[in-house]
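Undergrad: how would this look folded up:
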Amino acid sequence: MTQIKKTVVFILFAVLALCIALFCCKCGLEDKHKEPRETQEIIKELTTCYGTYGENDQKTIDECLKELEKQDHVAGDKWRSIISLWKYSNNGLVLHYDVLPDGLPATDELCIVVLGYQLNVDGTMREELIGRLEVAKASAEKYPNALIVCTGGHTAYQDSNASEAGRMAEWLIQNGISEDRIIVEDNSLTTAQNAMFSIDILSEKYPQVTKLAIVSSDYHIATGNLLFGARSILLAEKAGEEKYEVISNAAYKVSTGSLSTMFQAGSLSELLRT
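TA: Numbering: from 1, shown residues only. Below you'll find the model as predicted:
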């Protein structure tokens, strides 16, 4: 190779090296001066990631939690608790069929929360909702001092006056449960709203309640456990100071499995909108 060619090659390599160095420097500066993301943006990525991949993308989950903690320490702690609850609800939660288990508080600090189910078009209850009520009745008889929340809104297309919670309360009263124990929440149309509106009523009118037990169909228990627990976490001053604790459940047997984590992710996002 002639001296001229060697010089040209040297110059080309030098220029290439300089370009690479400038590019790396520019990237470093961009990262250094990159604006921190908004808290809600981080939470959205966190819930979407877990909803899509579950625990199969723990790296992204951990990165989001660390970023959130750096941005807002209180929110970071809360969402670390919610993610732990999410994992437990889907993977570690034990279902109790037909009636609440032994050992729950025998006082009115316990509230049995019965989740509604869409009514028939004429306002009558479907078989699955009646099954949930039979489980609720057995549980209410086992814990006679517990209050009972019936939660569910107006879902009968041909009867605007009928609500899930109203029909549920009527059935329980007709089957021997004292009306004084029953709390009607009849504005919710989703499980997230079940959690939001029920806890709002308890907080305002029943300050003695601190323990919740979810009654629903078996496939729905995990989602109820997650959303009521997450709502309590989000309302607390900081993680670990929640007023409400979901301590148990009673399931009506319909099927195995649970609602998808993607459905749960959407429901968690709904909790953040109010």
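Undergrad: C-alpha only now, for contacts and for neighbours.
TA: Fine.
Undergrad: who's in contact with Val149?
TA: Cys111, Ile112, Val113, Val114, Ile182, Ile183, Val184, Glu185, Ser198 (CA atoms under 8 Å, 6 or more residues apart in numbering).
Undergrad: just the buried members of those residues?
TA: Cys111, Ile112, Val113, Val114, Ile182, Ile183, Val184, Glu185, Ser198 (16 or more other CA atoms under 10 Å).
Undergrad: could you dump those to CSV with distance to Asn175?
TA: Listed next are the buried ones among the contacts of Val149 as CSV, based on distance: CA to CA, whole Å:
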residue, distance to Asn175
Cys111, 19
Ile112, 16
Val113, 17
Val114, 15
Ile182, 13
Ile183, 16
Val184, 16
Glu185, 20
Ser198, 23
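Undergrad: redo those as JSON lines? Include distance to Gly257 and secondary structure.
TA: Shown next, in JSON lines, are these (distance: CA to CA, whole Å; DSSP: H, G, I helix; E, B strand; the rest coil):
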{"residue": "Cys111", "distance to Gly257": "25", "secondary structure": "strand"}
{"residue": "Ile112", "distance to Gly257": "22", "secondary structure": "strand"}
{"residue": "Val113", "distance to Gly257": "21", "secondary structure": "strand"}
{"residue": "Val114", "distance to Gly257": "19", "secondary structure": "strand"}
{"residue": "Ile182", "distance to Gly257": "30", "secondary structure": "strand"}
{"residue": "Ile183", "distance to Gly257": "29", "secondary structure": "strand"}
{"residue": "Val184", "distance to Gly257": "29", "secondary structure": "strand"}
{"residue": "Glu185", "distance to Gly257": "27", "secondary structure": "strand"}
{"residue": "Ser198", "distance to Gly257": "25", "secondary structure": "helix"}
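Undergrad: Thr151: which of the residues you listed is nearest?
TA: Glu185 (4.7 Å; CA to CA).
Undergrad: what pLDDT does the closest one get?
TA: pLDDT, Glu185: 98.
Undergrad: tell me the spacing between it and Gln193.
TA: Distance, Glu185 to Gln193, by CA to CA, to the nearest Å: 10 Å.
Undergrad: same check, this time on Gln71
TA: 28 Å.
Undergrad: looking at those two, which is more packed in?
TA: Gln193 (22 against 16; other CA atoms under 10 Å).
Undergrad: SS state for that one?
TA: Of the three states, Gln193 takes helix under DSSP: H, G, I helix; E, B strand; the rest coil.
Undergrad: for it, what are its contacts?
TA: Leu271.
Undergrad: what residue ranges in the stretch 51-200 of the chain score low on pLDDT?
TA: Within the stretch 51-200 of the chain, no stretch has pLDDT under 70.
Undergrad: what ranges does it have for its helices?
TA: 58-71, 73-91, 127-142, 164-174, 191-205 (DSSP state H, counting those that start in this stretch).
Undergrad: just send these back as a markdown table, with distance to Leu212 too.
TA: Formatted as a markdown table, the helices of the stretch 51-200 of the chain follow (distance: least, CA to CA, whole Å):
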| stretch | distance to Leu212 |
| --- | --- |
| helix 58-71 | 28 |
| helix 73-91 | 15 |
| helix 127-142 | 12 |
| helix 164-174 | 17 |
| helix 191-205 | 10 |
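Undergrad: and for Gly131, the neighbour number?
TA: Residues near Gly131, counting by other CA under 10 Å: 18.
Undergrad: next one: Ser203
TA: Neighbours of Ser203 (other CA under 10 Å): 15.
Undergrad: so how far is Phe197 from it?
TA: Relative to Phe197, Ser203 is positioned 10 Å away (CA to CA).
Undergrad: need the contact list for Glu164.
TA: Taking CA under 8 Å, 6+ apart as the test, what Glu164 contacts is Gly116, Tyr117, Gln118, Leu119, Met125, Cys150, Thr151, Gly152, Gly153, His154, Thr155, Asp186.
Undergrad: so what touches stretch 225-239?
TA: 74-75, 77-78, 81-82, 85-86, 89, 191-192, 195-196, 199, 214, 240-246, 267-268, 271.
Undergrad: and the buried ones among the residues you listed, selectable in ChimeraX?
TA: Buried members of these, identified by 16+ other CA under 10 Å, are gathered into one ChimeraX selection as follows:
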select :74,75,77,78,81,82,85,86,89,191,192,195,196,199,214,242,244,245,246,267,268,271
